[in-house]
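Undergrad: Structure, please.
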Amino acid sequence: MAYVCAKCGKQIKSLSEGLMCLYCGGRIILKERSSLAREVSTD
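TA: Now for the predicted structure:
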């Protein structure tokens, strides 16, 4: 499962080091969502 740092935008593959970006030291980590388009009916 991939995560993205909110501060620098780099991908983090695992959070074994804790909740901290290894590149910039940011502590806001977001879970990367799939780019699956969904259709919603309006009926």
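
Undergrad: Moving C-terminal from the one helix or strand in the chain whose mean pLDDT sits lowest, which element do we reach first?
TA: The helix or strand of the chain with the lowest confidence, counting by mean pLDDT, DSSP states H and E, is strand 11-12 at a mean of 88. Remark: after strand 11-12, the chain's next helix or strand is strand 29-31, criterion DSSP states H and E.

Undergrad: Where does pLDDT dip in this protein?
TA: The chain contains residues with pLDDT under 70 at 15-17.

Undergrad: same for the least confident helix or strand of the chain, what does it pack against?
TA: strand 3-5 (3 or more C-beta pairs under 8 Å, 6 or more residues apart in numbering; DSSP states H and E). Backbone N, C-alpha and C define where each C-beta goes, glycine included.

Undergrad: Not counting its own residues, what contacts the strand it packs on?
TA: With contact meaning C-beta atoms under 8 Å, 6 or more residues apart in numbering, strand 3-5 is reached by 10-13, 15, 21, 23-24, 26, 28-32.

Undergrad: Same list, the residues you listed, but as CSV with neighbour count and distance to residue 39 please.
TA: CSV is the format used below for these (neighbours: other C-beta atoms under 10 Å; distance: C-beta to C-beta, whole Å):
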residue, neighbour count, distance to residue 39
10, 13, 32
11, 10, 28
12, 20, 31
13, 8, 31
15, 13, 33
21, 21, 35
23, 13, 37
24, 12, 37
26, 16, 35
28, 11, 31
29, 16, 30
30, 11, 25
31, 8, 23
32, 11, 22
